[in-house]
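Trainee: coordinates only, sequence not included:
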């Protein structure tokens with residue numbers, strides 16, 4: 001047949017086999033008389049049927065529940081990824097199929113905390129290929145799949161995140177969070193009072209929390225604040241958004257990895273961010289050589305000085321660049337979005353808001369006193385519980401921590417999973433598993449107080465767990481507790497009257513106050529910050545808290561401690577530091 005174009009190998013094999021059978025028949029066959037296009041249809045149909053058989057039937061995962069057609073096409077999965085709704089897609093599937101299910105071809109989702117802890121604590125379950133960020137020029141603690149490299153890097157960067165080192169950076173964090181944001185709020189309050197006679201203002205808290213955290217991390221990791229909250233210079237932020245989009249796309253669609261012709265602008269911006277960061281590191285090293293090391297402590301200098309005590313290895317300039325950029329991502333989006341979701345939840349659950357405000361103002365009644373981190377952790381258990389519950393209900397890394405099953409395979413929930421399969425440890429699913437959480441869709445901070453609270457804290461996985469637990473979790477807690485405690489003491493908050501949300505706007509699916517729409521890129525944050533991110537602020541009404549002023553609040557003691565029990569994982573020492581981590585969290589950014 002001269003009009004036949006060359007089929008692909010699979011088509012050609014099937015086609016030739018069928019033709020040889022029909023040609024060997026001794027009587028006229030209808031099959032032998034089919035046209036090319038009819039044969040093409042038969043071939044494609046055969047391929048389609050074979051794909052169904054191999055994808056869903058001839059696999060050890062055939063008995064596992066899951067959406068049938070997704071194992072063949074994965075259309076809805078990829079659609080949800082591009083729409084920033086992958087977490088919602090997985091949660092809907094969990095409601096149908098339970099704590100373990102087939103997501104797509106060679107992909108499984110797990111949402112049982114015991115299984116999750118096993119996977120995340122075993123070095124044999126390496127990170128999946130979606131963690132690749134080769135554009136950074138060097139591996140880092142976030143992207144590496146090598147357990148030995150991970151251990152070495154933790155020994156190198158561990159001292160930057162120990163209790164003693166973070167305590168020395170508390171003033172920087174305080175100034176870039178509490179002082180900067182209060183300066184902006186006070187300026188707006190004064191301006192509005194002069195113009196209208198009413199001392200109140202509005203801020204876009206979603207954006208301002210993000211800018212605030214951006215300034216904190218840049219001050220610590222780059223040696224200078226980018227001044228986002230004050231000046232709004234968005235150049236570096238633009239580079240970050242490009243790199244974030246690039247990383248999220250490559251994670252969702254792995255075939256785009258290292259394809260220079262795809263997303264060229266984003267790749268160019270990412271390289272500009274790398275070059276900018278490299279110059280910062282080189283300038284600090286040169287200043288160290290010419291003027292000596294700076295007196296103040298920051299993460300940049302700690303990285304430059306870091307040495308692996310076992311091998312004597314120091315980080316190269318490119319490795320410091322890679323770690324700093326990862327810290328910029330991990331320390332900015334995660335903490336700021338957690339604060340945004342927390343404030344939003346307080347606004348739609350007024351009884352919780354009233355209770356946490358009362359705790360803060362009774363513990364620190366002097367409006368002129370500062371609140372040290374150690375004091376906040378020891379005197380504000382309900383605020384800590386509020387943050388835990390916010391991270392449980394709306395985790396900023398909700399969709400899953402991808403791990404690859406070792407070649408010998410694994411077994412979970414009675415299902416055998418072959419080696420090479422990608423397992424998603426579904427964080428939001430873990431946090432809403434009704435087996436472990438009563439009323440999982442309801443915002444109940446009290447669940448993290450009293451009997452059983454320690455175990456429930458262990459089941460909050462926002463910081464991961466095990467040997468890949470986020471090294472920056474202590475920093476994240478300080479970044480959140482310092483500004484949240486001061487804001488709740490010094491100001492009253494309410495949603496604007498035109499807000500689409502509030503205590504009386506009920507979600508018919510959960511029966512709880514409706515959550516504003518979110519979007520999942522690298523992290524989960526409000527989808528429409530320009531519409532939904534506004535809050536009304538007034539000076540705090542302290543008349544109801546006529547408690548004698550406790551002058552001890554102004555103590556200069558910055559020793560970071562907590563009187564509450566830590567989980568076993570949090571009692572682990574950071575590499576090279578030998579100090580107990582700050583947080584009572586057993587679970588940042590992030591995907592470490």
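Mentor: Thanks, I have the structure now. Just so it is clear, the model here is predicted, and its values are computed rather than measured.

Trainee: Disregarding residues adjacent in the polypeptide, which is nearest to residue 280?
Mentor: Among residues not flanking residue 280 along the chain, residue 222 sits closest, at 5.0 Å (CB to CB, 6 or more residues apart in numbering). Where C-beta positions appear, they are placed from N, C-alpha and C, glycine not excepted.

Trainee: again, but for residue 88
Mentor: residue 80 (6.8 Å).

Trainee: So the residue nearest in space to the middle of the chain, which state does it fall into?
Mentor: In the chain, the residue lying closest to the centroid (CA atoms, centre = their mean) is residue 397, at 3.2 Å. Assigned by DSSP: H, G, I helix; E, B strand; the rest coil, the conformation of residue 397 is coil.

Trainee: Distance check, it against residue 197.
Mentor: Using CB to CB, to the nearest Å, residue 397 is found at 45 Å from residue 197.

Trainee: Surely the residue nearest to residue 88 and residue 89 touch.
Mentor: Yes - the criterion here is CB atoms under 8 Å, and residue 80 meets it with residue 89 at 3.7 Å.

Trainee: So for those two, which sits in the more crowded spot?
Mentor: For residue 80 and residue 89, the more surrounded residue by other CB atoms under 10 Å is residue 89, and the numbers stand at 22 against 19.

Trainee: For the more buried one, report the pLDDT, please.
Mentor: Per-residue confidence (pLDDT) for residue 89: 95.

Trainee: Residue 497 versus residue 536, what's the distance?
Mentor: Applying CB to CB, the value for residue 536 to residue 497 is 9 Å.

Trainee: Please disregard the earlier target; I meant residue 277.
Mentor: Counting by CB to CB - residue 277 and residue 497 are separated by 44 Å.

Trainee: okay, these two: which has more neighbours?
Mentor: A side-by-side neighbour count of residue 277 and residue 497, using other CB under 10 Å, places residue 277 first with 25 against 7.

Trainee: Would you mind measuring from that one to residue 308?
Mentor: Residue 277 is 22 Å from residue 308, where distance means CB to CB.

Trainee: Could you do residue 185 as well?
Mentor: Counting by CB to CB, the gap from residue 185 to residue 308 is 44 Å.

Trainee: can you give me the helices for the stretch 401-550 of the chain?
Mentor: Here the stretch 401-550 of the chain has its helices, by DSSP state H, counting those that start in this stretch, at 427-431, 453-458, 473-490, 529-532.

Trainee: Who are the packing partners of the shortest one?
Mentor: Contact partners of helix 529-532 among helices and strands, from 3 or more CB pairs under 8 Å, 6 or more residues apart in numbering; DSSP states H and E: helix 205-221.

Trainee: So for the lengthiest helix in the chain, what gets flagged as buried?
Mentor: For the chain, the longest helix by residue count, based on DSSP state H, is helix 317-348. Applying a neighbour-count criterion of 16 or more other CB atoms under 10 Å, the buried positions in helix 317-348 are 318-348.

Trainee: next one: stretch 121-129
Mentor: Buried, per 16+ other CB under 10 Å, within stretch 121-129: 122, 125-128.

Trainee: Next step: those residues restricted to strands.
Mentor: Those of these mapping onto strands are 126-127, per DSSP state E.

Trainee: Which pair in the buried residues of stretch 121-129 has the greatest spatial separation?
Mentor: Using CB to CB, the two most remote members of the buried residues of stretch 121-129 are 122 and 128, lying 14.4 Å apart.

Trainee: which stretches of the protein have low pLDDT?
Mentor: 1-33, 54-58, 130, 132-134, 232-233, 252, 254-259, 544-592 (pLDDT under 70).

Trainee: list the contacts for the closest residue to residue 226 other than its chain neighbours?
Mentor: Spatial nearest neighbour of residue 226, chain neighbours left out: residue 218 (4.4 Å); criterion: CB to CB, 6+ apart. By CB atoms under 8 Å, 6 or more residues apart in numbering, residue 218 lies in contact with 224-226, 236, 328.

Trainee: Format the helices of the stretch 401-550 of the chain as CSV; extra columns: mean neighbour count and distance to residue 139.
Mentor: Shown next, in CSV, are those (neighbours: other CB atoms under 10 Å; distance: least, CB to CB, whole Å):
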stretch, mean neighbour count, distance to residue 139
helix 427-431, 27, 24
helix 453-458, 18, 30
helix 473-490, 25, 21
helix 529-532, 15, 33
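
Trainee: could you dump those helices to a markdown table with distance to residue 292?
Mentor: Supplementary listing: these in a markdown table, determined by distance: least, CB to CB, whole Å:
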| stretch | distance to residue 292 |
| --- | --- |
| helix 427-431 | 45 |
| helix 453-458 | 43 |
| helix 473-490 | 26 |
| helix 529-532 | 43 |
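
Trainee: In terms of secondary structure, what does the host helix or strand of residue 114 contact?
Mentor: Using DSSP states H and E, the element containing residue 114 is helix 113-121. If contacts are counted by 3+ CB pairs under 8 Å, 6+ apart, helix 113-121 sits against strand 401-404, strand 422-425.

Trainee: Which stretch among those strands approaches residue 298 most closely?
Mentor: Closest among the helices and strands packed on helix 113-121, using CB to CB: strand 401-404, at 29.1 Å.

Trainee: Just checking: what are the partner strands of the closest one?
Mentor: The partner list of strand 401-404 in its sheet, established with DSSP bridges, is strand 126-127 (antiparallel), strand 422-425 (antiparallel).

Trainee: what does it rub up against?
Mentor: Contacts of strand 401-404 (CB under 8 Å, 6+ apart): 119-120, 125-128, 130-131, 420-425, 427, 461, 464, 591.

Trainee: Separate out the buried members of those residues.
Mentor: Taking 16+ other CB under 10 Å as the criterion, what is buried in the contacts of strand 401-404 is 119-120, 125-128, 130-131, 421-425, 427, 461, 464, 591.

Trainee: Relative to the whole chain's centre, how far out is the helix holding residue 114?
Mentor: Computed by CA atoms, centre = their mean, to the nearest Å, the chain-centroid distance of helix 113-121 equals 18 Å.

Trainee: quick one, which of the helices of the stretch 401-550 of the chain is nearest to residue 385?
Mentor: Minimum separation from residue 385 across the helices of the stretch 401-550 of the chain (CB to CB) falls at helix 453-458, 7.8 Å.

Trainee: In terms of secondary structure, what does that closest one contact?
Mentor: Partner elements for helix 453-458 (3+ CB pairs under 8 Å, 6+ apart): none found.

Trainee: at 10 Å what do you get?
Mentor: Judged by 3 or more CB pairs under 10 Å, 6 or more residues apart in numbering; DSSP states H and E, helix 453-458 is in contact with helix 113-121, helix 381-393.

Trainee: Can you lay out these as CSV showing distance to residue 370?
Mentor: As requested, the helices and strands packed on helix 453-458 are arranged in CSV below (distance: least, CB to CB, whole Å):
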stretch, distance to residue 370
helix 113-121, 37
helix 381-393, 16
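
Trainee: Let me know which of these is tucked in deepest.
Mentor: helix 381-393 (a mean of 24; mean count of other CB atoms under 10 Å).

Trainee: tell me the angle of that helix relative to helix 473-490?
Mentor: Counting by axes from the mean of the first three to the mean of the last three CA atoms, to 10 degrees, helix 381-393 lies at 120 degrees to helix 473-490.
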